[in-house]
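Engineer: Compute the structure for the input listed below.
(one chain, ligands or ions: 1)
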Amino acid sequence: MANTYDYYEKNWREYCKSTADCVPHEEIDRFLGFVPSQKDLILELGSGSGNCLRYIYDKGYNISGSDYIIDIVLELKKLIPCCSYMIDFSEVEFINAFIEGTAVKHIFANAALHHLTVSEFINFINLIEVKGLLFLSLKEGAGEVTHEDGRFESFYSQRQIEKLVSKRFEILSFSRSSDILNRDLNWLSWTLSKK
Ligand SMILES: C[S@@+](CC[C@H](N)C(=O)[O-])C[C@H]1O[C@@H](n2cnc3c(N)ncnc32)[C@H](O)[C@@H]1O
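Structural biologist: This next block holds a predicted model:
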């Protein structure tokens, strides 16, 4: 049966083309407002088309991209003159080792971590050893869905996430926004700071 990985591996080119110009400026600017220095290294998880990566890079910030689809990473390297890595964000221990071995200070994950199962997401929040800020945006709703095309998605309420993250993180900002692709759904976004 197809899964999220198979979906993006097969459809990455069309997917990236359809989202390259969709940039959630307001949410990104709110996050960047909390980044203490433009020199701080930000790691983006699940960069996709590089829509957010390019926006943050062009603003003069020190950011690296990542994705688990090799063709996406190769394309990011071609399009945006910053580092981009192969990282599977379900492997939290790997990300922690990566952070430990590099200067990564903040993590930015827009429209990406909803592809984790709820238990993988809880694991991510409980184990991630980010030094500074963590930006998250997730789909509002309830439960988990596997679409016919193989993509898996999980949905959350503001209350659920805030209860989960408050053990380890301080909430610096929250916003609810409609979908840039005009689908009938809301995105919930947070900038969190490690306690
Ligand atoms: C919905 S797209 C969002 C792309 C971009 N962040 C944006 O804001 O438009 C999700 C991206 O996350 C990647 N992805 C999904 N699961 C992943 C995982 N476990 N590890 C790394 N990347 C993953 C997909 O390949 C895809 O590029």
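
Engineer: where's the residue nearest the centre of the chain relative to residue 119, distance?
Structural biologist: The residue lying closest to the centre of the chain (CA atoms, centre = their mean) is residue 109, at 1.6 Å. Counting by CB to CB, to the nearest Å, the gap from residue 109 to residue 119 is 17 Å. To be clear about C-beta, it is placed using only N, CA and C from the backbone, and glycine gets the same treatment.

Engineer: same thing with residue 32?
Structural biologist: Applying CB to CB, the value for residue 32 to residue 119 is 31 Å.

Engineer: which of those two has more neighbours?
Structural biologist: Comparing residue 32 with residue 119 by other CB atoms under 10 Å, the one with more neighbours is residue 32, at 20 against 10.

Engineer: any idea how far the more buried one is from the ligand?
Structural biologist: Distance from residue 32 to the ligand, counting by CB to the nearest ligand atom, to the nearest Å: 15 Å.

Engineer: for that residue, what are its contacts?
Structural biologist: Listed by CB atoms under 8 Å, 6 or more residues apart in numbering, the contact partners of residue 32 are 56, 59, 61.

Engineer: Show the pLDDT at the nearest residue to the last one once chain neighbours are set aside.
Structural biologist: Spatial nearest neighbour of residue 61, excluding adjacent residues (CB to CB, 6 or more residues apart in numbering): residue 38 at 5.2 Å. In the prediction, the pLDDT value recorded for residue 38 is 98.

Engineer: so when I look at residue 38, I'm seeing a helix, right?
Structural biologist: No: Residue 38 sits outside any helix when classified using DSSP: H, G, I helix; E, B strand; the rest coil, being coil.
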